[in-house]
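[1] sequence and predicted structure below; questions after.
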Amino acid sequence: ITQIAKAVGYDNTGCFARVFRRQEGISPREYRAYNKIGKED
């Protein structure tokens, strides 16, 4: 999450997470778990 936040211009991951939750309706962690991003099968 830190790498993504920095890549899109956020220095504060908490701020990024709050904005993400407002836009998507779930936290970045929940989004990642739901979509299995970054996990190998």
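    Everything's here; your move.

[2] centre-most residue in this structure?
    Central residue of the chain (Cα atoms, centre = their mean): residue 28, 3.0 Å from the mean position.

[3] which SSE is residue 29 in?
    Assigned by DSSP states H and E, residue 29 falls within helix 28-35.

[4] mind listing what's buried in stretch 18-37?
    By neighbour count with 16 or more other Cβ atoms under 10 Å, stretch 18-37 contains the buried residues 20, 28. The way it works is simple: take the backbone N, C-alpha and C, and place the C-beta from them, glycine included.

[5] quick check: mean pLDDT across that stretch?
    Here stretch 18-37 scores 92 as its mean pLDDT.

[6] check the offset of that stretch from the chain's centre.
    Its chain's average C-alpha position is 6 Å from that of stretch 18-37, according to Cα atoms, centre = their mean, to the nearest Å.

[7] likewise for stretch 10-23?
    That offset, for stretch 10-23, works out to 7 Å (Cα atoms, centre = their mean).

[8] brilliant, that's me finished.
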